[in-house]
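Novice: Prediction below, plus the sequence it came from.
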Amino acid sequence: MNNKLMFGLAAASSAGLFWACGSGDILEIQQSDKFVEYALIDDSTAVDGYVQRAVAMFCDSAAPGNQAACLQDLQPKHGNGNAAASSSSAGPTSPYAASSSSATNNQQQQNPISSGNVPIASSPSQQNPTSSVNPTPVQPKQSSSSAAPVAADPNAWGTCAANTSNNAIQKGKSVQWKVNLDNSKAPGGVSIITQGSFSWTFEDGDPATKSGTGSSFQSVLVKYEKSGVKNASVTVSYNGQSNTMQCTPLNVTGAEVSSCVCTPSATEVDVAVNGTVTWTVTGCKSSDPTYVYEWSDGLQGTNAAGGVLTQKGTYAPTVTVKNSDNGMQVVTCGAVTAIDSNNPDYIIKASEAAGAIKLPAGKTTVSLQASGRNNTVFCNVARTDSPTGALNGTVNGAKLAGADYISTTVAAGTLAPGKTLVFDLDVPATCGIQ
């Protein structure tokens, strides 16, 4: 055991501190060591006092006549024994694994990988398998993309932007640019509109510049003949002061892209068996059909991209289809439901009424621990769940429809123990096998 003197945060990180003692050897703090600890504070005078008191207490136990030598030997030194904390240099990894998929338009298909809301497993072509948080369902939709707004300048007198709903217009069209003043920041407040001067600059615009005094120059009509993202700025001057505002960029689109459809290779996959899915874009129309495809969730590919899903959920990535003239269409792909037969939502343990279970509306997976006498599945909908007594849905793709008590035949062999049934119901129902 060694005697040691510790200050500050020594109790919290003593394993990384070293002190010279006696002959000057560097000694690491051990659990069995005797030590005196004082906390450091901001007051340097108080610190000096603590040091003197601690040293005196520490050396009191020294043999008579050796106190001076003890005080001399207490010279702290730093060692290099701080252990490196265990950590991984890798950041968040992609939840997609590479998966082959076909591509059209004579473009080279890239190995698709992804991150975000579609988790997939690793394949031999991807060395780093990953996972992600549980995704949330996405409703299919179509829209046009637009230029991103610029960050607000806290010192600006206001903002400026083109008068559009999504910062986008088509090539050959005109748009009104306008200054919106913040009266709490602009000197003179509303007086600037009538007495201030405005000096505009428009990238690739017609006109390229425009200046003047008064409210008629607060807004300017500009025409664009070239596609792309266009910037604009305006300098507002009033009473000897001026302020330049960078406007929100305008996206000028060229030849339109329309009619694109994104379809999955399957609407349902089992992650316990093979969760591979590929989304493919078809049907796009444009006078400039040289397309590039920008996929969400980290997916990569041309007109097709995909991967291997590894978690239950509903997935619908988006893809932006662009042409060389900055025309574009954003499409949400058809949804894919991933189930996990190794992790079912419900279990049927017996046949007939004894094994019937209450299932919610929507899609659920049910594992069988008992086999039916044949291959029939039944569902009974209560009047409280459906006032009309009607039930619509499917069981492993076989349709249920139209009555308060219905049954359907599913594929032979699907009712064996260990098999999984996938129910998709429009209202809650009590279901079983028979």
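Specialist: Thanks, I have it.
Novice: in the stretch 1-150 of the chain, what spans have low per-residue confidence?
Specialist: Within the stretch 1-150 of the chain, the segments meeting pLDDT under 70 span 1-146, 148.
Novice: wait, what's in contact with Val220?
Specialist: Contact analysis of Val220 by CB atoms under 8 Å, 6 or more residues apart in numbering lists 176-178, 200, 202, 207, 210. Where C-beta positions appear, they are placed from N, C-alpha and C, glycine not excepted.
Novice: and with 10 Å instead?
Specialist: Val220 sits next to 160, 175-179, 198, 200, 202, 205, 207, 209-212, 232, 234 when contact means CB atoms under 10 Å, 6 or more residues apart in numbering.
Novice: List only buried entries from the residues you listed.
Specialist: 160, 175, 177-179, 198, 200, 202, 205, 210, 232, 234 (16 or more other CB atoms under 10 Å).
Novice: So which of those is the closest to Gly397?
Specialist: Val175 (50.0 Å; CB to CB).
Novice: Let's see the pLDDT reported for the closest one.
Specialist: Per-residue pLDDT puts Val175 at 98.
Novice: and what of Lys349?
Specialist: At Lys349, the model reports a pLDDT of 92.
Novice: count of neighbours near the residue lying closest to it once chain neighbours are set aside?
Specialist: Spatial nearest neighbour of Lys349, excluding adjacent residues (CB to CB, 6 or more residues apart in numbering): Gln369 at 4.7 Å. Gln369: 11 surrounding residues under other CB atoms under 10 Å.
Novice: Could you shift the numbering so residue one becomes 13, and keep it that way?
Specialist: Yes, from this point I'll number from 13; that puts the last item at Gln381.
Novice: Does Gln381 touch Thr432 like I think?
Specialist: No: applying CB atoms under 10 Å as the test, Gln381 and Thr432 come out as separate, 11.5 Å apart.
Novice: Identify the residues contacting the residue nearest to Lys361.
Specialist: Residues counted as contacts of Gln381 (CB under 10 Å, 6+ apart) are 359-362, 367, 429-430.
Novice: Buried among those? Need that as a selection in ChimeraX.
Specialist: To isolate the buried ones among those in ChimeraX, judged by 16+ other CB under 10 Å, type:
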select :360,367
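Novice: Secondary structure added to the contacts of Gln381, as CSV?
Specialist: Output for the contacts of Gln381, formatted as CSV (DSSP: H, G, I helix; E, B strand; the rest coil):
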residue, secondary structure
Ile359, strand
Ile360, strand
Lys361, coil
Ala362, coil
Gly367, helix
Pro429, coil
Gly430, coil
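Novice: Tabulate the contacts of Gln381 (JSON lines), appending distance to Ala347.
Specialist: Shown next, in JSON lines, are the contacts of Gln381 (distance: CB to CB, whole Å):
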{"residue": "Ile359", "distance to Ala347": "26"}
{"residue": "Ile360", "distance to Ala347": "27"}
{"residue": "Lys361", "distance to Ala347": "31"}
{"residue": "Ala362", "distance to Ala347": "34"}
{"residue": "Gly367", "distance to Ala347": "31"}
{"residue": "Pro429", "distance to Ala347": "31"}
{"residue": "Gly430", "distance to Ala347": "28"}
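Novice: OK, contacts around Ser353?
Specialist: 282-285, 377-379, 430-434 are the contacts of Ser353 under CB under 10 Å, 6+ apart.
Novice: List only buried entries from these.
Specialist: Among the contacts of Ser353, those classed as buried by 16+ other CB under 10 Å are 282-284, 377-379, 431-434.
Novice: Three-state assignment for Ile205, please.
Specialist: Ile205 - assigned by three-state DSSP - is helix.
Novice: Surely it touches Trp169?
Specialist: No: if you go by CB under 10 Å, Ile205 and Trp169 don't touch, sitting 11.4 Å apart.
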